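[1] I'll drop the sequence and a predicted model, then ask my questions.
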Amino acid sequence: MLTIPKLLNHCENIAGLTIAELAKKHKVDLNTNNKGIIGQLLELELQTEAKNKALPDFIDLGVELKTIPVNDDFKPLESTYVSMVSFNNMPRWSKSFVRLKLLKVLWIPILKKKNIHTSEICYPIFKELSLEDEYILSKDYEELCEIITFGDEPRAHLGKFMQVRPKALNSKIRSTSNNEIRHPLGFYLRSSYTKKIFNNFI
DNA sequence: CAATGATCATAC
DNA sequence: GTATGATCATTG
């Protein structure tokens, strides 16, 4: 049975590998424009369960896997996608998928080099949501949801740790929700939040 | 040079 | 088409 210590151990064992090395093991072609290729490679290696469900990657453990690019100072370079905004179902924070996914996150920093092949897998950071952070995230979430429920689209500058941004194949994509036609949106963690987590860890 | 809005690939 | 994995590229 998979446990969190086993999972962390697995991650520690592959820390230091380059993306090319891991890709070779799984016979994955890195010559693609697939922006999610590194995340999918780690899913293969760690054998995640959730696939494209709106659940944490390791369902039984309630652990969400996130790869995130970092620079030489271990500073996150990008925001982090959490989940889609579900217009038809806007639960309160306590019942939300966002909360469920963020309760336990296994962060795998990827030391980003000019070339994806030589980018390196770093030591994992396992982080459970602190009460302080949860309070702020819940406020962000409720504020953003209120705007969405009203029928508006929150601007990306709203939210201290979490924001709402477009999430689609392209800007022309629309999704239907009840009787409305809306621009698909996703919840994202700001890099200021992940920076804070990583700083506290070091 | 960080932030926002746009976009890429793939599974189902 | 909707979800997953995200990063890209233009702007301020």
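    Yep, that arrived.

[2] ok, and the closest non-adjacent residue to residue A:173?
    Distances taken as Cβ to Cβ, 6 or more residues apart in numbering place residue A:184 nearest to residue A:173, at 5.9 Å, with adjacent residues excluded. (Each C-beta comes from the backbone N, C-alpha and C, glycine too.)

[3] For chain A, name the helix or strand with the lowest mean pLDDT.
    strand A:175-177 (a mean of 80; mean pLDDT, DSSP states H and E).

[4] For chain A, give me the ranges with low pLDDT.
    Applying pLDDT under 70 to chain A flags the ranges A:52, A:202.

[5] hey, where'd the strands end up in it?
    A:64-70, A:80-84, A:104-111, A:120-121, A:125-128, A:162-166, A:175-177, A:180-182, A:185-189 (DSSP state E).

[6] any chance of these in JSON lines, plus distance to residue A:152?
    Listed next are the strands of chain A as JSON lines, based on distance: least, Cβ to Cβ, whole Å:
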{"stretch": "strand A:64-70", "distance to residue A:152": "28"}
{"stretch": "strand A:80-84", "distance to residue A:152": "17"}
{"stretch": "strand A:104-111", "distance to residue A:152": "29"}
{"stretch": "strand A:120-121", "distance to residue A:152": "40"}
{"stretch": "strand A:125-128", "distance to residue A:152": "32"}
{"stretch": "strand A:162-166", "distance to residue A:152": "10"}
{"stretch": "strand A:175-177", "distance to residue A:152": "13"}
{"stretch": "strand A:180-182", "distance to residue A:152": "10"}
{"stretch": "strand A:185-189", "distance to residue A:152": "11"}
